[in-house]
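Asks: Using only what follows, build the 3D model:
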Amino acid sequence: MARLADATTVILPTSISENFLLDSKQLESKLNEKSRLLILCSPSNPAGSVYPKKLLEEIAKTVAKHPSLLLLSDEIYEHIVYAPATHTSFASLPGLWERTLTVNGFSKASAMTGWRLGYLAGPKHFLLHVKRYKA
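Replies: Got it, this is the predicted structure:
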């Protein structure tokens, strides 16, 4: 989709030694004035990694330095988290609601995978431009 929008993608590698979590310093080194969207998935599949709140706060500080950067937060597995991990929504962090689009749904947590029921949550000024998809 990024290529269709004539965008350049930058993939930040993660490693098993870091539990497949993005390093905020590495993120900072890759962002510039052209950066527009950060896609974050927590909890993630298939690795099962869950971003701890402290790391999300570090990433949030990095995002705050880039006023043109928006965040797409995929949280479809938020209810499939095992202790001691806990889920924190990126949009719940101070100052980030206005810059975050959250993708979620009912299918995974409610064992309705064939139904493909999902939703997008975010600030009204973004959602007004989203068109409904009808199958």
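Asks: Show me where the protein has its helices.
Replies: Here the chain has its helices, by DSSP state H, at 24-30, 53-64, 124-127.
Asks: which residues sit against the longest one?
Replies: When you say that, I think you mean helix 53-64. Helix 53-64 is contacted by residues 21-22, 24, 27-28, 31, 38, 40, 42, 51, 69, 71, 86, 88, 90, 93-96, 99 when judged by C-beta atoms under 8 Å, 6 or more residues apart in numbering. The way it works is simple: take the backbone N, C-alpha and C, and place the C-beta from them, glycine included.
Asks: Going through those residues, which ones are buried?
Replies: 21-22, 24, 27, 31, 38, 40, 42, 51, 69, 71, 88, 90, 93, 96, 99 (16 or more other C-beta atoms under 10 Å).
Asks: quick one: which of these is nearest Phe106?
Replies: Closest approach to Phe106 among the buried ones among the contacts of helix 53-64 (C-beta to C-beta): Ser42, at 18.3 Å.
Asks: before we move on, the earlier item: now the helices of the chain as TSV including mean pLDDT?
Replies: Listed next are the helices of the chain as TSV, based on pLDDT from 0 to 100:
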stretch	mean pLDDT
helix 24-30	93
helix 53-64	94
helix 124-127	89
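Asks: Comparing the ones you listed, which comes out most buried?
Replies: helix 53-64 (a mean of 18; mean count of other C-beta atoms under 10 Å).
Asks: Put the alpha carbons of that one into PDB.
Replies: Output of helix 53-64 as PDB, limited to C-alpha atoms (Å, rounded to 0.1, in the frame of the first residue of the first chain):
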ATOM      1  CA  LYS A  53       4.600   0.800  28.900                       C
ATOM      2  CA  LYS A  54       8.000   2.100  29.600                       C
ATOM      3  CA  LEU A  55       9.200   1.300  26.100                       C
ATOM      4  CA  LEU A  56       6.100   2.800  24.600                       C
ATOM      5  CA  GLU A  57       6.700   6.000  26.500                       C
ATOM      6  CA  GLU A  58      10.300   6.100  25.100                       C
ATOM      7  CA  ILE A  59       8.900   5.700  21.600                       C
ATOM      8  CA  ALA A  60       6.300   8.400  22.400                       C
ATOM      9  CA  LYS A  61       9.000  10.800  23.200                       C
ATOM     10  CA  THR A  62      10.700  10.100  19.900                       C
ATOM     11  CA  VAL A  63       7.400  10.500  18.000                       C
ATOM     12  CA  ALA A  64       6.800  13.800  19.800                       C
END
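Asks: Cheers, nothing more for now.
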